[in-house]
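> Curious how this folds, go ahead:
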Amino acid sequence: MRGQNPTEGWPPGSVLAGKYEIGQILGVGGMGAVFQARDLQNNEQLAVKLAIINNQREDVVTRFQRESKLSQLINHPNIIQIFESGHGENGTHFLTMEMLDGCDLKEKLEETGPLSPELAVEYTIQILEALVACHSKCVIHRDVKPENIRLIERDNKDCLVLMDFGLARFLSAEDHHTPSSPMQYHTQADKSTGSPMYMSPESFTKPDDLDPRCDLYSLGITLFELLTGQPPFLGRTLIQLMGKHVYTVPPKASEMAPNEIPSNLDIFVSRLLEKDRDKRFASSEQALDFLRKIQEIEGWLE
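Coordinates of the predicted model:
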């Protein structure tokens, strides 16, 4: 059936839902395929994500709907803008979103190698600003990683955009109220909790009790990779990766980075990667303040 696998049956020029002209395919992920598209009503360019639905992924529609709801709730320049969630021909499920040029951070690293500490901090501050916006709305992303962060040019400056809210969750209990302490946050259990290379220890051991500090751990893995060119933990199997996240002390970023890492930045990365979430920063706001102080101390401000 058309729409079951969106990489088939949607050649350039196809029209989705009577109003979006499909262009070239931009990428394929676990949940769907993303196409360049044109809004026939206003002639504007945008991106369309079409769902991949099969017997093993019956949760895809729910995740599409959740991605639309959560990302529309948060209006921030460092977060992808979703326009519409809808149904097309033959049950096709789709999302429309802003069209972003540039590359993701994984592609950036493949092109340039590890970043300078100054640039890595500049990028991480922007990602933290996106996480602050998410967490202030009681939303945790749960899949922070280089592939989900787009590097674009906006107003002649590098701009980082956090994407893919398919695994994001409202924090339950007081869903729409900001908790007074991190321990008031919790989510309901979910079998899909992120990408193993970037998942926090508690995502493996307590998937029904996650809070914003799981995003901070994933950010720590991402920052480590920006500085060194590789994540701190590698494994051939999920079990190996799980064991390393839960039990193995990560190396210092300074031990693996080709560029000299200031000691305060080394401390920052290590704190993000604490096994015990109580030893991490208490919030994304606290982490952001700490990183801005490093930027000021090191003289990296413009």
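
> quick one, phi psi at Val34?
Torsion angles at Val34 (phi, psi; degrees, to the nearest 10) stand at phi -110, psi 130.

> Check whether it really touches Gly27, as I assumed.
Yes - here Val34 reaches Gly27: they are 5.0 Å apart, a contact under C-beta atoms under 8 Å. To be clear about C-beta, it is placed using only N, CA and C from the backbone, and glycine gets the same treatment.

> The two: which has the busier surroundings?
Taking other C-beta atoms under 10 Å, Val34 and Gly27 do not tie; Val34 has more neighbours (21 against 12).

> what's near enough to touch that one?
If you count contacts by C-beta atoms under 8 Å, 6 or more residues apart in numbering, Val34 has them with Ile25, Leu26, Gly27, Val28, Ala47, Val48, Lys49, Leu50.

> Same question for Phe94.
Leu16, Ala17, Tyr20, Val48, Lys49, Leu50, Ala51, Phe64, Ser85, Gly86, His87, Gly88 are the contacts of Phe94 under C-beta under 8 Å, 6+ apart.

> nearest residue to it other than its sequence neighbours?
Nearest residue to Phe94, sequence neighbours excluded (C-beta to C-beta, 6 or more residues apart in numbering): Leu50, at 5.2 Å.

> what is that neighbour paired to in the beta sheet?
For Leu50, the beta-bridge partners are Ala33, Phe94 (DSSP bridges).

> Give me the pLDDT value at it.
Per-residue pLDDT puts Leu50 at 87.

> same thing with Glu122?
Note on Glu122: pLDDT of 97.

> Pull out the buried residues from the one helix or strand it maps to.
Here Glu122, judged by DSSP states H and E, is contained in helix 117-136. Going by neighbour count (16 or more other C-beta atoms under 10 Å), the buried part of helix 117-136 is 117-135.

> Who are the packing partners of the lowest-mean-pLDDT helix or strand in the chain?
Lowest by mean pLDDT, DSSP states H and E among the helices and strands of the chain is helix 60-73, with a mean of 74. Secondary-structure packing of helix 60-73 (3 or more C-beta pairs under 8 Å, 6 or more residues apart in numbering; DSSP states H and E): strand 45-51, strand 82-87, strand 93-97.

> Recalculate using a threshold of 6 Å.
Secondary-structure packing of helix 60-73 (3 or more C-beta pairs under 6 Å, 6 or more residues apart in numbering; DSSP states H and E): strand 82-87, strand 93-97.

> among these, which gets the worst mean confidence?
Across the helices and strands packed on helix 60-73, strand 82-87 gives the lowest mean pLDDT, at a mean of 84.

> quick one: that one to helix 60-73, angle?
Here the directions of strand 82-87 and helix 60-73 differ by 150 degrees (axes from the mean of the first three to the mean of the last three C-alpha atoms, to 10 degrees).

> show me where the chain has helices.
Secondary structure of the chain by DSSP state H: the helices cover 60-73, 105-112, 117-136, 201-205, 213-228, 238-247, 253-256, 263-272, 284-297.

> and the contacts of Phe94 as CSV, adding distance to Asp211 and neighbour count?
Putting the contacts of Phe94 into CSV (distance: C-beta to C-beta, whole Å; neighbours: other C-beta atoms under 10 Å) gives the following:
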residue, distance to Asp211, neighbour count
Leu16, 38, 23
Ala17, 38, 14
Tyr20, 37, 22
Val48, 33, 29
Lys49, 28, 27
Leu50, 33, 28
Ala51, 29, 23
Phe64, 25, 22
Ser85, 27, 20
Gly86, 32, 16
His87, 34, 14
Gly88, 37, 23
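
> Could you single out the nearest of those residues to Leu73?
Distance to Leu73, by C-beta to C-beta, is smallest for Ser85 among these, at 12.8 Å.

> any idea how far that closest one is from Arg169?
As judged by C-beta to C-beta, to the nearest Å, Ser85 and Arg169 stand 17 Å apart.

> Low-confidence ranges, this structure, go.
In the predicted model of the chain, residues 1-8, 30, 52-59, 71, 90, 172-193, 302 satisfy pLDDT under 70.

> tell me the domain ranges of it?
With domains defined by automatic domain parsing, the chain comprises 15-97, 103-297.
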